[in-house]
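*Asks:* here is a sequence with its predicted model. Questions after.
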Amino acid sequence: MSSTKSTASEAPTGARRDTLTITDNRTGKQFEIPVKNDTIRPIDLRQIKLQSSDFGMMSYDPAFANTASCASKITYIDGDQGILRYRGYSIEELAEKSTYSETAYLILHGELPTQSQLKDWNYNITHHTFIHESIKKFLEGFHYDAHPMGMLISTVAALSTFYPDAKDIFNPDSRRKQTYRLIGKMPTLAAFSYRHILGMPFVYPDNDLSYTGNFLNMLFRTTELKFHPNPTLERALDILFILHADHEQNCSSTAMRIVGSSHVDPYSATAAATAALYGPLHGGANEAVLRMLVEIGSVKNVPAYVQSVKAGEKLLMGFGHRVYKNYDPRAKIVKRIAYEVFDIMGRNPLIDIALECERIALEDEYFVSRRLYPNVDFYTGLIYQSMGFPMTMFPVLFAIPRTSGWIAQWVEMLLDSEQKISRPRQVYLGQDLRSYIPLDHRS
Ligand code: CMC
């Protein structure tokens with residue numbers, strides 16, 4: 001795409017109109033296009049044509065770099081200021097004062113719950129944590145070294161076969177039930193996948209424990225009659241879950257909305273969102289960061305590694321963000337939690353390599369000029385490793401809390417009268433019409 005020259009001048013006082021005037025220099029024609037919320041509608045460009053038989057102009061925006069695909073009231077991000085808010089509440093305040101379960105309620109309902117609403121919410125989530133026994137057979141079919149994200153994607157998709165009522169997506173009661181089921185069962189699917197890898201018996205949910213306390217119970221309980229999660233680790237995981245609950249129109253939320261726009265059931269759409277999250281550029285980055293720190297191996301090797309990143313041979317995983325061009329506010333909170341976890345579990349020696357990567361990168365012109373800062377995934381892997389999770393579980397620990405955000409995005413999409421099945425346009429640059437050549441005539 002060629003770059004365009006533009007000139008801007010202030011409109012005379014009193015002449016302000018919420019429109020954009022476009023001059024098509026190919027024809028000399030002018031078009032006045034409405035502007036609302038600082039956006040134009042590409043469909044208004046369609047009237048711009050060379051000839052009346054032309055299709056008309058479209059916008060071309062690979063990877064949606066400057067295209068809003070929806071209007072949303074869930075999450076606000078200001079990437080230049082490093083601001084993240086769910087439903088108007090700052091991430092810092094929620095991380096300090098809220099719980100994951102309350103934050104999930106907030107994200108889904110738009111308001112913080114009253115005491116009785118929270119009690120009902122927790123009751124309903126807690127009473128939907130069990131999974132059908134057949135899912136266990138399904139899990140047993142996986143190899144001992146299967147990646148738990150692959151197992152999670154498959155088993156969450158399989159839930160749709162157990163709950164055909166989930167197809168009733170425009171029924172609020174059905175949506176509510178699937179919401180309880182999805183938020184309640186994701187930790188169980190994740191924990192059972194983990195136990196399967198270890199070859200250990202599955203641990204059933206314990207209704208006396210909190211959302212994260214029960215998750216730790218299903219992961220780590222061995223012979224004790226009652227599992228008592230360490231309260232600092234339970235709270236650390238709960239805060240990490242708050243930080244990961246939603247992040248507006250990222251790759252996986254967009255997958256949830258796009259797949260959901262075909263009116264498929266929410267389990268199938270969540271499987272698609274989980275698959276999108278799996279990639280190393282998205283939720284798989286926390287695992288990729290740890291693998292990178294292990295590969296670097298020692299603080300003295302950091303400069304050489306950074307050099308290879310600058311030479312374009314590698315990425316510095318856990319750095320950079322499409323939206324944040326300032327420090328990711330989640331990363332600041334994660335860094336603090338890391339030290340709280342190290343106080344209990346012992347210092348993770350890889351932290352020194354991570355700190356050195358950060359120190360060098362934040363001073364280096366390559367990273368400074370591109371506004372590359374640590375993102376949420378840079379330090380989370382160190383915490384998860386210290387808590388005893390294998391690396392392959394890291395993206396799973398992202399998927400569980402993000403489920404509330406995915407469902408909120410899905411419901412918002414379904415109830416938005418402007419939304420319909422997603423179907424982007426393309427710029428066709430392939431062959432024009434040509435005649436078929438029989439096989440024996442081809443050279
Ligand atoms: N290491 C080295 N260079 C980088 C990095 C990185 N981590 N990230 C971006 N750049 C460079 C990139 O090569 C490009 O350079 P140039 O202008 O010379 O071509 C420039 O910075 C702009 O990057 P971009 O690829 O246009 O940015 P993007 O918005 O398309 O990509 C990103 C965003 C997060 C995919 C990317 O920064 C990246 O790959 N980071 C590493 C993976 C990672 O940590 N992902 C987790 C994201 S946060 C969790 C989540 O919400 O998913």
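*Replies:* Cool, got the structure.
*Asks:* any weak-confidence spans in the protein?
*Replies:* Low-confidence segments of the chain, defined by pLDDT under 70, span residues 1-14.
*Asks:* dump the residue contacts of the residue of the stretch 301-443 of the chain found nearest the ligand.
*Replies:* Residue nearest to the ligand within the stretch 301-443 of the chain: Gly320 (2.3 Å; Cβ to the nearest ligand atom). Where C-beta positions appear, they are placed from N, C-alpha and C, glycine not excepted. Neighbouring residues of Gly320 by Cβ atoms under 8 Å, 6 or more residues apart in numbering: 370, 372-373, 375.
*Asks:* swap in Thr67?
*Replies:* Thr67 is in contact with 42, 59, 61, counting by Cβ under 8 Å, 6+ apart.
*Asks:* ok, now with 10 Å
*Replies:* Thr67 makes contacts with 39, 42, 59-61, 249, 424, as judged by Cβ atoms under 10 Å, 6 or more residues apart in numbering.
*Asks:* of those, closest to the ligand?
*Replies:* For the contacts of Thr67, the nearest to the ligand is Gln249 (10.9 Å; Cβ to the nearest ligand atom).
*Asks:* hang on, isn't that closest one packed against Ala276?
*Replies:* No: contact criterion Cβ atoms under 10 Å: Gln249 and Ala276 do not qualify, at 11.9 Å.
*Asks:* derive a ChimeraX selection command for the buried subset of the contacts of Gly320.
*Replies:* Restricted to buried positions by 16 or more other Cβ atoms under 10 Å, the ChimeraX selection for those reads:
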select :372,373,375
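*Asks:* ok, which of the contacts of Gly320 also contact the ligand?
*Replies:* 370, 372, 375 (Cβ under 6 Å from any ligand atom).
*Asks:* secondary structure and distance to the ligand added to the contacts of Thr67, as a markdown table?
*Replies:* Shown next, in a markdown table, are the contacts of Thr67 (DSSP: H, G, I helix; E, B strand; the rest coil; distance: Cβ to the nearest ligand atom, whole Å):
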| residue | secondary structure | distance to the ligand |
| --- | --- | --- |
| Thr39 | strand | 20 |
| Pro42 | helix | 21 |
| Ser59 | coil | 18 |
| Tyr60 | coil | 16 |
| Asp61 | coil | 13 |
| Gln249 | coil | 11 |
| Pro424 | coil | 18 |
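*Asks:* just the buried residues of these.
*Replies:* Buried among the contacts of Thr67 (16+ other Cβ under 10 Å): Gln249.
*Asks:* quick one: the helices in the stretch 301-443 of the chain?
*Replies:* Secondary structure of the stretch 301-443 of the chain (DSSP state H, counting those that start in this stretch): helices located at 302-310, 329-345, 350-363, 365-369, 377-386, 394-415.
*Asks:* strands of the stretch 201-350 of the chain, start to end?
*Replies:* Counting by DSSP state E, counting those that start in this stretch, one finds no strands in the stretch 201-350 of the chain.
*Asks:* coming back round to it: next, format the ones next to the ligand among the contacts of Gly320 as TSV and append distance to Gln81.
*Replies:* Formatted as TSV, the ones next to the ligand among the contacts of Gly320 follow (distance: Cβ to Cβ, whole Å):
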residue	distance to Gln81
Arg370	18
Leu372	17
Asn375	16
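*Asks:* how much space between Lys325 and Lys335?
*Replies:* 19 Å (Cβ to Cβ, to the nearest Å).
*Asks:* equivalent analysis for Glu96, please.
*Replies:* Taking Cβ to Cβ, one finds Glu96 at 15 Å from Lys335.
*Asks:* more crowded one of the two?
*Replies:* Lys335 (20 against 11; other Cβ atoms under 10 Å).
*Asks:* how about that one: what's its closest non-neighbour residue?
*Replies:* Tyr379 (5.2 Å; Cβ to Cβ, 6 or more residues apart in numbering).
*Asks:* that neighbour contacts Ala331, doesn't it?
*Replies:* Yes: between Tyr379 and Ala331 there is a contact at 6.4 Å, judged by Cβ under 10 Å.
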